[in-house]
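Novice: All I have is the shape, not the residue letters:
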């Protein structure tokens, strides 16, 4: 059984990508007439523009949170430099392999004098905290009928962040994504977290909420939203974003996020509306990341 799984593993990402693309293509085929009938009003374009700005702010904030993660290990780095490196490397996640943004950050932070062990930890812990934050929000928002369940789900996620639980995951990810050659002599210490990363965790919660707000504004451009639907949309976004982060597939979660959001929201909203919203949100996300990287590049040129 293990041999069969090991043989299938290299093709798993392509299988998942194929299934998600088939699902999205079929939905578009079934709903294309409805999609063509959708018109964006002037207020809708304002909503999309606001979503673009909010998404840019989210990425700037995420770079700030990465700065906090580095500071957790008592490393002295410049905030402006850290955010610039984060934004410049962020667009590399769309390259095949989905690891090149990690390599870019490790290389940059190592050149700044941070030990490579800590550089590895910062890029491994960041997606784990993002995943935990997305899970916490998805669970919290989906159990709004019970305050007890909301806090129970939240504290379960807090418990998962205990170093004794996180450290084995960090070691696994180090082997899976960032394998270091045995000949590299600069690894002298074991990769591990020594304390709760509470401050960065709450920072990542703010990041997911900002990204979710961008998605909410995108939905608002195509359809009116009732107040009692806000938590549902935020919860669905968080879960879809989480699956796009952890499920192997196309780089940057392309396809997985869209398929999940469509499957979970089409019962509450018109499939044509949801399909248009997820397509526009993907465009907004890529444009926002590119724009933020361009700003970081201009700042880098001014510093030289």
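Specialist: Nice, I can see it. Worth saying up front: this structure is predicted, and the values here are computed from it rather than measured.

Novice: And what about the residue nearest to residue 223 when sequence neighbours are not counted, helix, strand or coil?
Specialist: Nearest residue to residue 223 in three dimensions, chain neighbours excluded: residue 273, at 4.7 Å (C-beta to C-beta, 6 or more residues apart in numbering). Where C-beta positions appear, they are placed from N, C-alpha and C, glycine not excepted. What DSSP: H, G, I helix; E, B strand; the rest coil gives for residue 273 is helix.

Novice: Could you measure from residue 273 over to residue 224?
Specialist: 10 Å (C-beta to C-beta, to the nearest Å).

Novice: Neighbour count: those two, which is higher?
Specialist: residue 273 (20 against 7; other C-beta atoms under 10 Å).

Novice: how about low-confidence regions in the stretch 201-304 of the chain?
Specialist: Confidence mapping of the stretch 201-304 of the chain against pLDDT under 70 gives the ranges 248-254, 304.

Novice: For it, just list every one of the helices.
Specialist: Along the stretch 201-304 of the chain, counting by DSSP state H, counting those that start in this stretch, helices occupy 230-246, 256-265, 271-303.

Novice: Dump the ones you listed into a markdown table; add distance to residue 82 as well.
Specialist: As requested, these are exported to a markdown table (distance: least, C-beta to C-beta, whole Å):
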| stretch | distance to residue 82 |
| --- | --- |
| helix 230-246 | 21 |
| helix 256-265 | 26 |
| helix 271-303 | 11 |
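
Novice: Can you check which of those helices gets nearest to residue 55?
Specialist: In terms of C-beta to C-beta, the element of those nearest to residue 55 is helix 271-303, at 3.9 Å.

Novice: counting contacts, what elements does the closest one pack onto?
Specialist: Judged by 3 or more C-beta pairs under 8 Å, 6 or more residues apart in numbering; DSSP states H and E, helix 271-303 is in contact with helix 2-37, helix 42-71, helix 79-90, helix 198-222, helix 256-265.

Novice: what is the orientation angle of that helix with helix 79-90?
Specialist: Interaxial angle of helix 271-303 relative to helix 79-90 (axes from the mean of the first three to the mean of the last three C-alpha atoms, to 10 degrees): 130 degrees.

Novice: Now do helix 271-303: distance to the chain's middle.
Specialist: Mean-position distance between helix 271-303 and its chain equals 13 Å (C-alpha atoms, centre = their mean, to the nearest Å).

Novice: Return the set of buried residues in it.
Specialist: Going by neighbour count (16 or more other C-beta atoms under 10 Å), the buried part of helix 271-303 is 271-282, 284-285, 288-289, 291-293, 295-296.

Novice: Report the inter-axis angle for that helix versus helix 230-246.
Specialist: Using the same axes, to 10 degrees: helix 271-303 against helix 230-246 is 60 degrees.

Novice: Renumber starting at 11 from here on
Specialist: Let's use 11 as the start, then, which means that last one is helix 281-313.

Novice: tilt between helix 281-313 and helix 52-81?
Specialist: Using the same axes, to 10 degrees, helix 281-313 lies at 50 degrees relative to helix 52-81.

Novice: Tell me, how many residues neighbour residue 126?
Specialist: By the criterion of other C-beta under 10 Å, residue 126 has 17 neighbours.

Novice: Give me the residues contacting stretch 96-103.
Specialist: Contacts to stretch 96-103, defined as C-beta atoms under 8 Å, 6 or more residues apart in numbering, come from residues 69-70, 72-73, 76, 110-111, 113-115, 118, 261-262, 299-300, 302-303, 305-307, 310.

Novice: average model confidence for that stretch?
Specialist: The pLDDT scores in stretch 96-103 average 88.

Novice: Show me how far that stretch is from its chain's centre.
Specialist: Averaging C-alpha positions (C-alpha atoms, centre = their mean) puts stretch 96-103 12 Å from its chain's average.

Novice: just stretch 305-314 next, same as before
Specialist: 25 Å.
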